[in-house]
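>>> What follows is a predicted protein model with its sequence.
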Protein chains: 2
Amino acid sequence: MSQGSHSAADTPEAAAPEGGRASAPSALTRFLPILQWGRSYNSQTLSDDLVAAVIVTIMLIPQSLAYALLAGLPPVVGLYASIMPLIAYALFGTSRTLAVGPVAVVSLMTASAAGAIAAQGTPEYLEAAITLAALSGVMLAVLGFLRLGFLANLLSHPVISGFITASGVLIATSQLKHVLGVKAGGDNWPEMLGALASQVGSINWITVAIGLPVTLFLFWVRKGAKPLLLSFGLKPRLADVIAKAGPVVAVAITILVVMSLDLGESAGVKIVGAVPQGLPPFSLPSTDATLLGKLWVPALLISIIGFVESVSVAQTLAAKRRQRIEPDQELIGLGASNIASALSGGYPVTGGFARSVVNFDAGAQTPAAGAYTAVGIALASLFLTPLLFNLPIATLAATIIVAVLSLVDLKTPGQLWRYSKSDFSAHVATIGITLLAGVELGVISGVAVGLLLFLWRASRPHAAVVGRVPETEHFRNVERHKVFTAPHVLSIRIDESLTYLNARWLEEYVLERVAERPALRHVILMASAVNEIDASGLESLEAINHRLADGDIRLHLSEVKGPVMDRLQRTHFLDELGGKVYLSQARAFAELLEDDGSAPVHSADWARGMI
Amino acid sequence: MSQGSHSAADTPEAAAPEGGRASAPSALTRFLPILQWGRSYNSQTLSDDLVAAVIVTIMLIPQSLAYALLAGLPPVVGLYASIMPLIAYALFGTSRTLAVGPVAVVSLMTASAAGAIAAQGTPEYLEAAITLAALSGVMLAVLGFLRLGFLANLLSHPVISGFITASGVLIATSQLKHVLGVKAGGDNWPEMLGALASQVGSINWITVAIGLPVTLFLFWVRKGAKPLLLSFGLKPRLADVIAKAGPVVAVAITILVVMSLDLGESAGVKIVGAVPQGLPPFSLPSTDATLLGKLWVPALLISIIGFVESVSVAQTLAAKRRQRIEPDQELIGLGASNIASALSGGYPVTGGFARSVVNFDAGAQTPAAGAYTAVGIALASLFLTPLLFNLPIATLAATIIVAVLSLVDLKTPGQLWRYSKSDFSAHVATIGITLLAGVELGVISGVAVGLLLFLWRASRPHAAVVGRVPETEHFRNVERHKVFTAPHVLSIRIDESLTYLNARWLEEYVLERVAERPALRHVILMASAVNEIDASGLESLEAINHRLADGDIRLHLSEVKGPVMDRLQRTHFLDELGGKVYLSQARAFAELLEDDGSAPVHSADWARGMI
């Protein structure tokens, strides 16, 4: 047992926000985390990372192709978006296991934003997607450098989960046409459903014969494959890896089926067709001001949604190994990834949930695993693309449908309804508006509803008229307890900091209580829960003080916290205050009772001015 | 001394938001306050109200003309805006002394909004102003019915005062041209100054010879007239009334000067000219969707600025007589006034500061005083308008300049700088952007800066690692006090409600502290200051619980408030919680210390994981 001779505030570790990690990182290692983990890199971490990279690569190839399809882009763009962004994240990211690349929700948002600029398949559409990645990358990096990651807080959990659920529904619906072999558009859910319904007569049954079994197989493989493989005597880890390769199996089998039965375009089955072979091309985003003007809002939304999703995955995984991520540096890491994507023919990327978990479970130790995955994908785009010619689009659509239906969360609405009506409202508004008016308006409305409800609550915080609990020095709410009060002394406890959002409320609350009490001579504001008084709060206190003085009532404060008092002393408020500042509410009440000479009255009735 | 046998929550007065006024008003009297004060109307209140009305009428005539000029409208529109709106407010308003009509800042905002639609003097310009009044009236009334008055809270005191200061500077500058007899435009301050400077050569010296003495006279009359009149032996109240009539004197004298010296347009002196004689015409706002689309943002800003100014005046005056106003009903009252203005050829109105104080000081007892003022203005527009033909515009401009320069507040920036840097930033940003980019962008930026700073602070609330103060049951911050802690138990006190704005912060904060402490086995969150946990806060608690469980650490809560606990019990969180919920932090710490068998360690070092 040792006597602590200094306080923590004296030590540099406590002053630096990073706190007591093994050594406080310098500004450079904070900006380039690779300088930190790279130092302890050895053959063991190399082999762990390589194993994880192989598994993630196998999982990522069909995902990349499928999400590019979802984004309305050529499949190869999905591969491009899975190479350079991973290397950039390995340099700048702080999560050791986050796997970056194309993800479902961001692909949908890309399709929505680029679709507003040009038709799918045009060079302008691809340029818009690349420009979105560049804009999003710059925004993320700027937010990171300015340490504005807190803006992501504007997305509450109910808004995010509502948005993800609605996106899952929209994405699954948008892919149904590929499984049915029909053409159908639609910018929102009712339109999509209507378009699908009108096409029932033109279903291509050969496409369905491929797409439906693949969908069923992929649903089964998620839950059923691993137990089956274990029952064959495979080791758990190997069984896991093989089960994760389910989509690759589906891709391979359906390619073989199409090739062997010659089911290509002649049979009405849409296939991927020729995919350019080679490494990602160097590309430049557009600098056209009109285009940038149209894309900046969707780019901001993509950035924030992508960041929120990515950070929550990264935090979950880091906590399992008692590691940490640095949210502001994560912004820079994801920003670098998106800029890298834009410069190499890709589209917006972020950390994916499923593949990061796979990466983690497969034993990835450092971000280098991501770089090795990038090498794997690069090899695939160099050598495997010719094999993809006969891949049915229906297989990719099935991959997407199975992946996104797990995003749809039907339990949350009920839980929110029971727990908090206002959170429920924000959740349901986000789902409804996303389904009916699209992803961008959905996110914006969710944020707006959440913020309005928050401001509404913040503008009417809790406060209570209090009285002394008999034979104690405690003061409690007169409406809940039998307490001593007096007709000429009113004690009000304020359970919130005084800020501009509630400053007007404070004036109204106090003056209303005062108007009810004709005998009043003293008001004590008990400030034990007031952590801050901003300039508007101070002005309201001044106004209350003056207005009470006009009515010949004196305003007193009690239990003001130290830092709050320090700031008040820099103003004239304490000079102008009609009454005094008391250290304790008990002292204030006792002294002001005597001031009038009247005895305390044991009834809450007094406090309500009912005499 | 009597024993209170029931709690206040049982009584209807306490349940109704209006509280213990003489009798709880019904829904109808709440909506039509005239039904309440009208009942006790008698000959004494009648005579008080009449006296006040005469004085306010004398003051309002030159103000109405001048502010219409400022709004870029014909002077008679100012008279129209001072008749029906006053009657509407008398029916629906809750302040007994608020004097409604054209005011400086709203007139400036009207000029800015209507000027973006059409050129001054065109019928489209007048239509835009009338439509602004209608839109603003409907918005105010809707906000009132929906009880959304709290939205006005978004305007913090520093933003409002910055906006008012900048508006005062803009208004005074915009009127200088009339005193100098030149033509000069400009949408922002530098442009206005530049335009004035370029006109130095074309100054009309006869106009200056009228405008300058009037300006000096009006400045003097504000402070110097009353003492002079008193020294002549007049009674204080009469002296006050005569001093308030200063602008009327200036108007009368300059009309006589122009008439007698024949200084009209022939001498280059701009005069009011022919003013239509008669009562306000019936007018209808535009229903053109394009126009409404362009005007709704300025109308909303006019509504909110007008409401905030009006409510603060009304509250100040009501408190002096221990009366109350009802902010949501005030919205309806001001809404009705603006709708009445739109239907009678007027433009947006609100409660004016100076004239309300005059009304109050003159002894107005009820809103009927406003209705009598309306009759006075109506008589003026019926019979006095021919007399205004020779009134120099320079006189009206001087009236405006003298009135608005009192709005410019040079002390606030310094006070804010000393008190709060973030409030100072919002204030200065509002002044700067209003001067450089106009009133609308100024208000919007002020709100945005204030909200961003608030959200930034809200997203990182105060929390502290705490330890037990030796030989007590109190727990204090380890960085400020010498306290007992233990390497395997971490106690964190959270000084804020857990909402979506700080949910992510909470996860980071806790996991960061945990990552620093390898020996940790228990985390206690001390929730004594947590008034609310929203769904996002709950999800963060669940995430923290799961992540800690992954690292074999148990999460406990202590001192959870009753209402918060009630809600938690409606969820699965308490079942999933790795640890327990303790009534007191002392109990939790004691029990968990023993759990490990290790003795407490008297050093803050332990708490920082420095071993």
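Received it, and whenever you're ready, just let me know what you need.
>>> mind checking how far residue A:501 is from residue A:589?
29 Å (Cβ to Cβ, to the nearest Å). All C-beta atoms are positioned from the backbone trio N, CA, C, and that covers glycine.
>>> and if you look at residue A:153?
Distance of residue A:153 to residue A:589, computed by Cβ to Cβ: 40 Å.
>>> With neighbour numbers in mind, choose between those two.
In this comparison of residue A:153 against residue A:589, neighbours counted by other Cβ atoms under 10 Å in any protein chain shown, the higher total goes to residue A:589 at 27 against 21.
>>> wait, what's in contact with the more buried one?
Under the criterion of Cβ atoms under 8 Å, 6 or more residues apart in numbering or on different chains, the contact list for residue A:589 reads A:468, A:475, A:489, A:491, A:524.
>>> For the second one, which residues are in contact?
The one in question is residue A:475. Contacts of residue A:475 (Cβ under 8 Å, 6+ apart): A:466-469, A:483, A:491, A:493, A:526, A:585-586, A:589.
>>> how many other residues sit next to the closest residue to residue A:550 other than its chain neighbours?
Of all residues not flanking residue A:550 in the chain, residue B:320 sits nearest, at 4.6 Å (Cβ to Cβ, 6 or more residues apart in numbering or on different chains). Around residue B:320 there are 14 other residues, counting by other Cβ under 10 Å.
>>> before we move on, the earlier item: looking at neighbours, which among the contacts of residue A:475 is most surrounded?
Per-residue neighbour counts (other Cβ under 10 Å) across the contacts of residue A:475 peak at residue A:467, which has 29 neighbours.
>>> ok, that one touching residue A:483?
Yes - with contact defined as Cβ atoms under 8 Å, residue A:467 counts as touching residue A:483 (3.1 Å).
>>> so who does the residue nearest to residue A:550 touch?
Applying Cβ under 8 Å, 6+ apart to residue B:320 gives the contacts A:547, A:550-551, B:360.
>>> For residue B:313, see how far away it is.
Remark: distance between residue B:320 and residue B:313 (Cβ to Cβ) = 11 Å.
>>> how far is stretch A:457-466 from where the chain is centred?
Here the centre of stretch A:457-466 is set off from its chain's centre by 30 Å, with Cα atoms, centre = their mean, to the nearest Å.
>>> is any part of that stretch close to chain B?
Yes - using Cβ under 8 Å from any Cβ of the partner chain, stretch A:457-466 reaches chain B at A:457, A:459-462.
>>> For that stretch, buried residues please.
Of the residues in stretch A:457-466, A:457-459, A:461, A:463-466 count as buried by neighbour count, 16 or more other Cβ atoms under 10 Å in any protein chain shown.
>>> for stretch A:246-266, same thing?
With burial defined by 16+ other Cβ under 10 Å, the residues of stretch A:246-266 counted as buried are A:246-251, A:254-255, A:257-258, A:263-264.
>>> Any chance of those residues in TSV with secondary structure as columns?
Shown next, in TSV, are the buried residues of stretch A:246-266 (DSSP: H, G, I helix; E, B strand; the rest coil):
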residue	secondary structure
A:246	helix
A:247	helix
A:248	helix
A:249	helix
A:250	helix
A:251	helix
A:254	helix
A:255	helix
A:257	helix
A:258	helix
A:263	coil
A:264	coil
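>>> any idea which of those is closest to chain B?
Of all the buried residues of stretch A:246-266, chain B sits closest to residue A:246, with 26.7 Å by Cβ to the nearest Cβ.
>>> After the lengthiest helix in chain A, heading C-terminal, what element do we hit next?
Longest helix in chain A by number of residues, with DSSP state H as the criterion: helix A:289-320. As assigned by DSSP states H and E, the chain's next helix or strand after helix A:289-320 is helix A:327-343.
>>> Return the list of helices and strands in contact with that following helix.
When contacts are defined as 3 or more Cβ pairs under 8 Å, 6 or more residues apart in numbering or on different chains; DSSP states H and E, helix A:327-343 packs onto helix A:27-31, helix A:84-92, helix A:123-145, helix A:289-320, strand A:350-352.
>>> Which of those has the lowest mean pLDDT?
The stretch with the lowest mean pLDDT among the helices and strands packed on helix A:327-343 is helix A:27-31, which comes in at a mean of 75.
>>> Pull out the buried residues from that one.
Result for helix A:27-31 [16+ other Cβ under 10 Å]: buried residues A:29-30.
>>> Would you quantify the distance from the residue in the stretch 351-500 of chain A that chain B sits nearest to to residue A:165?
When distances are taken as Cβ to the nearest Cβ, the stretch 351-500 of chain A approaches chain B most closely through residue A:500, which lies 3.3 Å from it. Using Cβ to Cβ, we find residue A:500 at a distance of 35 Å from residue A:165.
>>> Just want to know which of those two has more residues nearby.
When residue A:500 and residue A:165 are compared on other Cβ under 10 Å, the one with more neighbours turns out to be residue A:500, at 28 against 21.
>>> The more buried one: what's it in contact with?
Residue A:500 sits in contact with A:534-537, B:153, B:155-159, B:450, B:454, where contact means Cβ under 8 Å, 6+ apart.
>>> which secondary structure element contains the nearest residue to residue A:99 once chain neighbours are set aside?
Nearest residue to residue A:99 in three dimensions, chain neighbours excluded: residue A:355, at 4.1 Å (Cβ to Cβ, 6+ apart). Per DSSP H and E: residue A:355 is located in helix A:353-361.
>>> Does anything pack onto that helix? Which helices or strands?
Using 3+ Cβ pairs under 8 Å, 6+ apart as the contact test, the elements touching helix A:353-361 are helix A:43-70, strand A:99-101, helix A:289-320, helix A:368-383.
>>> wait, what's in contact with the residue nearest to residue A:390 when sequence neighbours are not counted?
By the measure of Cβ to Cβ, 6+ apart, the closest residue to residue A:390 outside its immediate chain neighbours is residue A:258, 4.3 Å from it. Neighbour list for residue A:258: A:210, A:264, A:269, A:271, A:390-392 [criterion: Cβ under 8 Å, 6+ apart].
>>> In helices, which of those residues appear?
residue A:210.
>>> for the contacts of residue A:258, which one is nearest residue B:517?
Looking at the contacts of residue A:258 and their distance to residue B:517, the nearest is residue A:391, at 51.2 Å (Cβ to Cβ).
>>> now the closest one, nearest residue through space, not along the chain?
Using Cβ to Cβ, 6+ apart and skipping residues adjacent in sequence, the residue nearest residue A:391 is residue A:272, 4.4 Å away.
>>> Please report how far the one you found lies from residue A:382.
Counting by Cβ to Cβ, the gap between residue A:272 and residue A:382 amounts to 17 Å.
>>> Who has more neighbours out of those two?
Between residue A:272 and residue A:382, counted using other Cβ under 10 Å, the more crowded position is residue A:272 (22 against 12).
>>> Torsion angles phi and psi at the more buried one?
When read as degrees, to the nearest 10, the backbone of residue A:272 gives phi -60, psi -40.
>>> can you pull the pLDDT of the residue nearest to residue A:515 when sequence neighbours are not counted?
Here the nearest residue to residue A:515 in space, its sequence neighbours aside, is residue B:324; by Cβ to Cβ, 6+ apart that works out to 5.0 Å. On pLDDT, residue B:324 comes in at 72.
>>> Near residue B:324, how many other residues are there?
Residue B:324: 21 neighbours (other Cβ under 10 Å).
>>> Repeat that for residue A:220.
Residue A:220: 13 surrounding residues under other Cβ under 10 Å.
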